[in-house]
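Peer 1: Give me a 3D structure for the following:
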Amino acid sequence: MARYTGPKSRIARKFKEPIFGPDKVLEKKNYPPGQHGLSKKRMKQSEYAVQLQEKQKAKYTYGILEKQFANTFERASRAHGVTGEVLIQLIESRLDNVVYRLGISPKRSGARQLVSHRHITVNGKVVNVPSYHLKSGDKIAIREKSKSLEIITRSLSSNYNAFPWLEWNNDTMSGSFISAPERSQVPENIKEQLIVELYSR
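Peer 2: So this is what the prediction gives:
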């Protein structure tokens, strides 16, 4: 399946959460899309449907395709620790997500594009793979010739959020991935245990 490029408000309404950021449409229509969205007699979801929806929400939130997500889960299941928590840590360690967390881009889709267009370096080398997994101590920076791009400077001036597992220096436009975050530090409302149960079927 190709990456979703349709109306984001429709997806946010499907999950009843602003998974792509603040959404005025969701505020006005906080019910699922479609002609039966307002119906009070909606069928009760099965256990499988609830688990599947949680996986889809995680995929849409982080902008990950099905095969990528399955591969990440497989890696998490082989690692030491609680599978669900490791899954979130691996996803949060993706380069595109870290670029977004550092405030270099206001959206994950924009962060993925910046990486793909070779505007980001890791440990001094250009990396153009959005799914690249960072390790503790890795240095992330904006490529020298890209530091003056308006889309980057505007985002850094208005969208920087501090996260305890990341460091950022606005003067040098560079930062560090200190370590994978603890689950309690990740603000996304994802019930990862439901995803584990889905893949364990």
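
Peer 1: Against residue 94, how distant is the residue most central in space within the chain?
Peer 2: By Cα atoms, centre = their mean, the chain has its centre lying nearest to residue 62, at 2.7 Å. Here the criterion is Cβ to Cβ, to the nearest Å. By it, residue 62 lies 7 Å from residue 94. (Each C-beta comes from the backbone N, C-alpha and C, glycine too.)

Peer 1: Equivalent analysis for residue 109, please.
Peer 2: For residue 109, the distance to residue 94 - Cβ to Cβ - is 13 Å.

Peer 1: quick one: which of those two has more around it?
Peer 2: residue 94 (25 against 17; other Cβ atoms under 10 Å).

Peer 1: what separates the more buried one from residue 180, distance-wise?
Peer 2: 11 Å.

Peer 1: ok, now residue 98?
Peer 2: 11 Å.

Peer 1: More neighbours: the two, which one.
Peer 2: residue 98 (26 against 21).

Peer 1: ok, the more buried one - contacts?
Peer 2: Each residue near residue 98 by Cβ atoms under 8 Å, 6 or more residues apart in numbering is listed here: 92, 134, 140, 166, 177.

Peer 1: in stretch 60-70, what's buried?
Peer 2: 60-64, 68-69 (16 or more other Cβ atoms under 10 Å).

Peer 1: would you turn those residues into a markdown table with pLDDT and secondary structure?
Peer 2: Shown next, in a markdown table, are the buried residues of stretch 60-70 (pLDDT from 0 to 100; DSSP: H, G, I helix; E, B strand; the rest coil):
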| residue | pLDDT | secondary structure |
| --- | --- | --- |
| 60 | 89 | helix |
| 61 | 90 | helix |
| 62 | 93 | helix |
| 63 | 90 | coil |
| 64 | 94 | coil |
| 68 | 95 | helix |
| 69 | 96 | helix |
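
Peer 1: returning to what we had before: surely the residue nearest to the centre of the chain touches residue 108?
Peer 2: Yes: applying Cβ atoms under 8 Å, one finds residue 62 in contact with residue 108, separated by 6.5 Å.

Peer 1: hey, what's in contact with both of the two?
Peer 2: residue 97.

Peer 1: what number of residues lie near residue 170?
Peer 2: 12.

Peer 1: Give me the nearest residue to it, chain neighbours excluded.
Peer 2: residue 156 (6.2 Å; Cβ to Cβ, 6 or more residues apart in numbering).
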